[in-house]
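Peer 1: With the sequence up front, the predicted model follows.
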Amino acid sequence: MHDMKTNERASQVPDITKTSKARYLSAAAAVAVALACGAALSPSASAAAPAEKHRVEIFELVGKQTSAGEVDLGKPGVSVGDQRIVHEDLYRDGKKVGDHSAVCTYTQVSPAALQCLGTFALPEGQFAAQSLLHLPAPPSVDVSITGGSGDYRTAQGFVRTVPAGETERHFTVHLQH
């Protein structure tokens with residue numbers, strides 16, 4: 001009974017996968033989820049340690065969506081609290097190297113604003129990213145890296161996300177750790 005009610009609500013959420021909203025939400029995947037603070041690498045964040053101990057790394061990833069869904073909470077249709085959830089496989093030079101998941105929650109409907117949280121999982125560790133996204137979607141979104149684990153445990157920086165179709169996006173990771 002609960003599943004039927006959830007599916008019924010989900011069918012009432014507009015299919016935004018073919019709109020600029022979907023591009024923007026997926027850019028968040030995200031990332032993520034994910035994910036338009038536009039934070040740049042900040043030397044002030046490392047003021048307590050010599051700069052030479054921090055490594056700056058820039059690398060490219062391609063995200064290919066493997067699942068996506070909408071959760072309609074509260075009022076039927078898009079309303080505050082509704083969510084968009086995306087999962088992507090991550091590729092580097094054509095080889096699968098990890099995955100990325102993001103959850104974006106509507107914090108405002110008109111004009112639309114979403115809080116997006118995402119996690120990138122790679123062999124070296126994981127890093128999280130987040131941003132407040134505004135619709136309509138810009139051609140790219142910079143998402144702040146907010147922390148990590150493994151080799152990324154001191155991660156800072158940002159991920160630039162660029163949609164490349166309905167189910168693919170390109171990530172340029174600007175990582176300081």
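Peer 2: Sure thing, it's come through.

Peer 1: From Val56, how far out is the residue lying closest to Ile58 once chain neighbours are set aside?
Peer 2: Once flanking residues are discounted, Ile58 sits nearest to His174: 5.4 Å by Cβ to Cβ, 6 or more residues apart in numbering. In this view, the C-beta of every residue, glycine as well, is placed from N, C-alpha and C. For His174, the distance to Val56 equals 8 Å [Cβ to Cβ, to the nearest Å].

Peer 1: Tell me where the chain has strands.
Peer 2: 29-33, 56-71, 83-92, 95-108, 113-122, 125-134, 141-148, 156-163, 168-176 (DSSP state E).

Peer 1: Between these, which has the poorest mean confidence score?
Peer 2: Lowest mean pLDDT of the strands of the chain: strand 29-33, a mean of 35.

Peer 1: hang on, the residue nearest to Ile58 packs against Phe158?
Peer 2: Yes: here His174 reaches Phe158: they are 5.3 Å apart, a contact under Cβ atoms under 8 Å.

Peer 1: And the two? Which one has more around it.
Peer 2: Phe158 (24 against 18; other Cβ atoms under 10 Å).

Peer 1: Tell me how far the residue nearest to Ile58 lies from Gly77.
Peer 2: Per Cβ to Cβ, His174 is found 37 Å from Gly77.

Peer 1: got it, and Gln126?
Peer 2: Going from Gln126 to Gly77 by Cβ to Cβ gives 34 Å.

Peer 1: Likewise for Gly118?
Peer 2: 25 Å.

Peer 1: The two: which is more packed in?
Peer 2: Neighbour count, other Cβ under 10 Å: between Gly118 and Gly77, Gly118 has more, with 30 against 12.

Peer 1: Bridged to that one, which residues?
Peer 2: Judged by DSSP bridges, the bridge partners of Gly118 are Ala102, Ala129.

Peer 1: how much space between Val143 and Leu175?
Peer 2: Relative to Leu175, and taking Cβ to Cβ, Val143 is found at 12 Å.
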